[in-house]
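Chemist: Kindly generate the corresponding structure for this input.
(one chain, ligands or ions: 1)
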Amino acid sequence: MNSISPMNSKLQYPQLAEYCESHHFQHFELKTIMFDMDGVLFNSMPNHARAWHRAMEFYGLDLPEDEAYMHEGRTGFGTINIVTQRQLGRSADQTECDKIYKKKSEFFNSYPTAERMKGAYETVKAVKTSGVTPTIVTGSGTVSLLERIEQNFPTLFHHEWMVAARDVKYGKPNPEPYLMGMQKAGRLQPYQTMVIENAPLGVEAGVAAGCFVIAVNTGPLPDSVLLDQGANLLFHSMTELSENIATIIYEANHLNR
Ligand code: MG
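Modeler: Model (predicted):
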């Protein structure tokens, strides 16, 4: 990007200026940062991947655990359909989907509740301390979601702006959940927000919504899978992100274009 000013060339994160340049924004005016939940705030993905693998196996289908990470964010129906197409050469019907998904939920609910992701609290806290409001955009539909969030991240999130499964029709990788998050936060523009995601389909959704996307690779997939979907920055843990997020926010809000 040859039009980045000399001042911006000293940025620790030139990706911020590159993003504004390519989206024709002058600068960021951050109001909110939208956090994905599974694999970002909670270390729940190993349980999801294992439950998917075992439920498929129970019905004679094969979905390796590592592959389950590739489908994170997809609807249950979407994931099941991919496997039946591949293995049986046909789409799954509704009854089949219902029973496989029910079995997946049974396995998942039999596992111990996932812990808060290491470094997640510190990251969310640093966002709030920087004067930016943290919110959550998740495909998860857990009824006890709010309670769990409040227990693990007391007083940090703005609940009214939160987007969960019940709020959306399509889900990730459709940009809908993130567009709805921006809408709820006051009809925000992409330069007023950022997305924090761990999953390829989630990164795709954030990019499609026009947002600057920070990928955190907390699972077994190669970094390239997240970068190929258009992630603007990539970290390898929430702890690493927690040590850098304040600088990212400061630089974003002080770009000189
Ligand atoms: Mg996730």
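Chemist: Residue 241 - how many residues pack around it?
Modeler: When neighbours are defined as other CB atoms under 10 Å, residue 241 has 24 of them. C-beta coordinates here come from the backbone N, C-alpha and C atoms, glycine included.
Chemist: what do you get for residue 222?
Modeler: For residue 222, using other CB under 10 Å, the count is 9.
Chemist: So which residues on this protein come close to the ion?
Modeler: 36, 38-39, 198-199 (CB under 5 Å from the ion).
Chemist: In JSON lines, list those along with distance to residue 110, neighbour count and pLDDT.
Modeler: Shown next, in JSON lines, are the residues of the chain next to the ion (distance: CB to CB, whole Å; neighbours: other CB atoms under 10 Å; pLDDT from 0 to 100):
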{"residue": "36", "distance to residue 110": "24", "neighbour count": "27", "pLDDT": "96"}
{"residue": "38", "distance to residue 110": "17", "neighbour count": "23", "pLDDT": "94"}
{"residue": "39", "distance to residue 110": "20", "neighbour count": "26", "pLDDT": "96"}
{"residue": "198", "distance to residue 110": "24", "neighbour count": "25", "pLDDT": "98"}
{"residue": "199", "distance to residue 110": "23", "neighbour count": "31", "pLDDT": "97"}
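Chemist: Let's have those in a markdown table, adding secondary structure.
Modeler: What follows is the residues of the chain next to the ion, written out as a markdown table (DSSP: H, G, I helix; E, B strand; the rest coil):
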| residue | secondary structure |
| --- | --- |
| 36 | coil |
| 38 | strand |
| 39 | coil |
| 198 | coil |
| 199 | coil |
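Chemist: residues near the closest residue to residue 255 other than its chain neighbours, how many?
Modeler: Nearest non-adjacent residue to residue 255, counting by CB to CB, 6 or more residues apart in numbering: residue 27, 4.3 Å away. Using other CB under 10 Å, residue 27 has 15 other residues around it.
Chemist: Would you agree residue 27 falls within a helix?
Modeler: No. According to three-state DSSP, residue 27 belongs to no helix; its state is coil.
Chemist: Scan the protein for its longest helix.
Modeler: helix 94-110 (DSSP state H).
Chemist: could you list every residue that touches the spatially closest residue to residue 171 that is not a sequence neighbour?
Modeler: Closest residue to residue 171 apart from its sequence neighbours, by CB to CB, 6+ apart: residue 139 at 5.0 Å. By CB atoms under 8 Å, 6 or more residues apart in numbering, the contact set of residue 139 is 38, 73, 75, 164-165, 168, 171-172, 177.
Chemist: and these, which are buried?
Modeler: Buried subset of the contacts of residue 139 (neighbour count, 16 or more other CB atoms under 10 Å): 38, 73, 75, 164, 168, 171-172, 177.
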